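Chemist: Next comes the sequence, and after it the predicted model I'd like to discuss.
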Amino acid sequence: MAGPQNEFTQVTKFIPETFGEPGMRTFRINVDSASSTATIWLEKEQLRELSRAMQKLAEETSEVNEVISSPPTELEAAGLTTLDFKVERLAFGHNPETNMFIIDAHDLEDDFEAPTVRLWLTRTMINEFARTGLKIVNSGRPLCPLCEKPINSEGHYCVRKNGHRRVYPGEL
Ligand SMILES: [Zn+2]
């Protein structure tokens with residue numbers, strides 16, 4: 001398997017972000033490493049899955065919690081690398097030799113088999129990311145109590161009411 005096209009081993013910022021109005025939000029991962037940055041756009045469901053996978057793997061690897069984390073800094077991307085792409089797929093795992101967590105992200109418009117970027121992350125980083133990520137994905141529009149679809153603040157014509165009347169957030 002081909003190695004990643006870029007590696008970020010000295011990550012100082014790794015946070016999920018969201019922009020826009022409820023129902024039209026966009027989501028991204030914002031990463032700084034040494035003098036490089038990456039902006040990785042993803043779908044809400046991808047952010048939810050990634051956050052859950054982080055929580056699960058953090059739990060499963062907790063027995064190696066005490067081992068010092070040491071990323072392979074010699075692999076760090078060339079200075080001032082700037083990446084900004086929409087992700088096709090994400091792979092997440094734990095590297096036992098370094099006790100670091102790894103994310104491989106593939107650019108949707110990139111034909112290479114190798115990941116566009118590999119991020120090396122500490123346990124603290126993934127725990128904080130997962131907490132914020134789940135808060136972000138769960139803070140969208142409230143769900144209709146009848147049909148469980150999201151409702152805008154102006155209400156929606158509920159299929160469970162045959163579309164005859166609006167259901168408003170907080171109703172029922
Ligand atoms: Zn409804």
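Modeler: Nice, I can see it. Residues are numbered from 1 along each chain as shown.

Chemist: Okay, now the sheet partners of the biggest strand by length in the chain, with direction.
Modeler: Ordering each strand of the chain by length in residues (DSSP state E) puts strand 82-95 first. Using DSSP bridges, strand 82-95 pairs in its sheet with strand 36-42 (parallel), strand 100-107 (antiparallel).

Chemist: quick one: the helix or strand following the longest one to strand 100-107, angle?
Modeler: What that stands for is strand 100-107. As assigned by DSSP states H and E, the chain's next helix or strand after strand 100-107 is strand 117-121. Strand 117-121 and strand 100-107 meet at an angle of 160 degrees, taking axes from the mean of the first three to the mean of the last three Cα atoms, to 10 degrees as the criterion.

Chemist: And the contacts of strand 117-121?
Modeler: 4-9, 11, 14, 31, 33, 38, 40, 71-72, 77, 83, 95, 98, 100-105, 129 (Cβ atoms under 8 Å, 6 or more residues apart in numbering). C-betas here are computed from N, CA, C, even on glycine.

Chemist: what do you get if the cut-off is 7 Å, keeping everything else the same?
Modeler: 4-9, 11, 14, 31, 38, 71, 83, 100-105 (Cβ atoms under 7 Å, 6 or more residues apart in numbering).

Chemist: Give me the buried subset of those.
Modeler: By neighbour count, with 16 or more other Cβ atoms under 10 Å, the contacts of strand 117-121 hold 4-9, 11, 14, 31, 38, 71, 83, 100-105 as buried.

Chemist: Run through the strands of the chain in chain order.
Modeler: Under DSSP E, the chain gives strands at 7-8, 11-19, 26-33, 36-42, 82-95, 100-107, 117-121, 156-157, 166-167.

Chemist: average model confidence for the third one?
Modeler: Per-residue pLDDT over strand 26-33 has a mean of 97.

Chemist: In this structure residue 100 contacts residue 73, no?
Modeler: No: using Cβ atoms under 7 Å, residue 100 is not in contact with residue 73; the gap is 11.1 Å.
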